[in-house]
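>>> Need a 3D model of the sequence below.
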Amino acid sequence: MLLFFTVICMSAGAQSDTILVEVASLEELLKLARTQNPDLKSYKLNVTKSSYDVKITKAALLPSVTGSFSGQRNLALATTPVPGEFFGQPGTTVNAQFGQDYAYNAGISITKSLLDWQSSLKVKMAKLAYEVTQVQQDAYLQILEQQVNLNYYSILISKRAAALAEKDMQIADSMALFSEQKFREGLVDALALNQARINSHVTKQNLNNSKQVYNKSIGDLKLLLGMGKEDSLTVVVNIQNELPPKYGAGELRPDESIKLANLNQQQAQNQVNIQKSMLVPKLSLYSYYGKQQFREDFGIDFGNNSWTNYRYLGLN
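Alright, predicted model coming up:
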């Protein structure tokens, strides 16, 4: 059963939370690592970001619709030479000005890409990048589970070894005291006494080594679980019930790094195709649907006959 405790500590006016965690099985540790590991959270955020990048690149292939309104004050109309026949002056050229002082335009512009290999390949690249982030997450999760397993069974073994070392130390200390007593009585020689003392020191060293391995594994697990240095982690283990499982062929998973290398190869090839696509022409359709109004004085009239149609369709 997984237990969480939060202890609030007050010191010098500052407030901090100390987390106490107790786990009773490997499955609980793995579940906690999948939800609390900070690096795994970062990978999940990268996956989310990549999914938005795919949507952004897809948007480049969608039609673009823009509404606009503009007003223009012609300070001086353009002069155009025209034949005098239009003004009853044959054989001459008249410099005429066409237009009115105020012009207004309102309409909608629509642009649609018909052929754009570069944008299509960028969409593919974004999809590959999304797959890469997913595989990177799976690869890290695979390593994370391996590290949790390694530290968990290291705790199990070192805790059991420490318990055995404590019993051995008691026996070794008793044998050392007994040998020293017999040496004083002249019943054993110095070689036997020194051997008993060496055995006592060896058992103490074994105990210290087991405790160091235990503490190191606890510290590594705290890092994997996103816990702080001041937090406490207790792992309750039972050597009789916590033997490593035997994996069957159906339970083995392929190495995610192989899949990641394959995706990296596809990305490299797609990048080459993007550079080649820069030599391919782009084809797009554009159109404008709007109305115009021309006036001699400032102002806008919204009557039915005040606006004239202005529309066009083009291929780029």
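
>>> and Lys112, bridged to which residues?
When bridges are called by DSSP bridges, Lys112 pairs up with Leu285.

>>> which stretches of this protein form helices?
In the chain, the helices defined using DSSP state H lie at 26-36, 38-59, 117-184, 190-224, 256-277.

>>> the inter-axis angle of the last one versus helix 117-184?
Helix 256-277 and helix 117-184 are oriented at 150 degrees to each other (axes from the mean of the first three to the mean of the last three C-alpha atoms, to 10 degrees).

>>> Could you list every helix and strand in contact with helix 256-277?
On a contact count with 3 or more C-beta pairs under 8 Å, 6 or more residues apart in numbering; DSSP states H and E, helix 256-277 meets helix 117-184. No exception for glycine: its C-beta is placed from N, CA and C like everyone else's.

>>> quick one, the helix it packs on and helix 190-224 angle?
With the same axes, to 10 degrees applied, the angle from helix 117-184 to helix 190-224 works out at 160 degrees.

>>> and helix 117-184, how far out from the chain's middle?
25 Å (C-alpha atoms, centre = their mean, to the nearest Å).

>>> Would you mind getting the angle between it and helix 26-36?
140 degrees.

>>> Now do helix 117-184: which elements does it pack against?
Judged by 3+ C-beta pairs under 8 Å, 6+ apart, helix 117-184 is in contact with helix 26-36, helix 38-59, helix 190-224, helix 256-277.

>>> Please name the residues that touch the residue nearest the centre of the chain.
When C-alpha atoms, centre = their mean is applied to the chain, the residue found nearest the centroid is Asn46 (1.7 Å). Neighbouring residues of Asn46 by C-beta atoms under 8 Å, 6 or more residues apart in numbering: Thr133, Gln136, Gln137.

>>> what's the spacing between the residue nearest to Lys222 when sequence neighbours are not counted and Gln36?
Spatial nearest neighbour of Lys222, excluding adjacent residues (C-beta to C-beta, 6 or more residues apart in numbering): Leu233 at 5.2 Å. Per C-beta to C-beta, to the nearest Å, Leu233 is found 11 Å from Gln36.

>>> which neighbours do those two share?
Common contacts of Leu233 and Gln36 (C-beta under 8 Å, 6+ apart): Leu225, Met227.

>>> These two: which is more packed in?
Comparing Leu233 with Gln36 by other C-beta atoms under 10 Å, the one with more neighbours is Leu233, at 18 against 15.

>>> From Leu29, how far off is the more buried one?
Counting by C-beta to C-beta - Leu233 and Leu29 are separated by 9 Å.

>>> circling back: which pLDDT value goes with the residue nearest to Lys222?
Confidence at Leu233, expressed as pLDDT, is 86.

>>> So what's the predicted local confidence for the closest residue to Gly67 other than its chain neighbours?
With sequence-adjacent residues excluded and distances taken as C-beta to C-beta, 6+ apart, Gly67 is closest to Ile108, at 5.3 Å. Looking at Ile108, its pLDDT stands at 96.

>>> How about the contacts made by Ile108?
Neighbours of Ile108 in contact, by C-beta under 8 Å, 6+ apart: Val65, Thr66, Gly67, Ser68, Tyr288, Tyr289, Gly290.

>>> export those to JSON lines and tack on pLDDT?
JSON lines is the format used below for the contacts of Ile108 (pLDDT from 0 to 100):
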{"residue": "Val65", "pLDDT": "95"}
{"residue": "Thr66", "pLDDT": "96"}
{"residue": "Gly67", "pLDDT": "96"}
{"residue": "Ser68", "pLDDT": "95"}
{"residue": "Tyr288", "pLDDT": "95"}
{"residue": "Tyr289", "pLDDT": "94"}
{"residue": "Gly290", "pLDDT": "94"}
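
>>> I'd like to know how far the nearest residue to Leu260 once chain neighbours are set aside sits from Val54.
Closest residue to Leu260 apart from its sequence neighbours, by C-beta to C-beta, 6+ apart: Val135 at 4.7 Å. Here Val135 is placed at a distance of 15 Å from Val54 (C-beta to C-beta).

>>> okay, the two: which has more neighbours?
Val135 (20 against 17).

>>> OK, contacts around the more buried one?
By C-beta under 8 Å, 6+ apart, the neighbours of Val135 are Glu256, Lys259, Leu260, Leu263.

>>> now Lys127
Listed by C-beta under 8 Å, 6+ apart, the contact set of Lys127 reads Val54.

>>> Roughly how far does it sit from Asn316?
27 Å.
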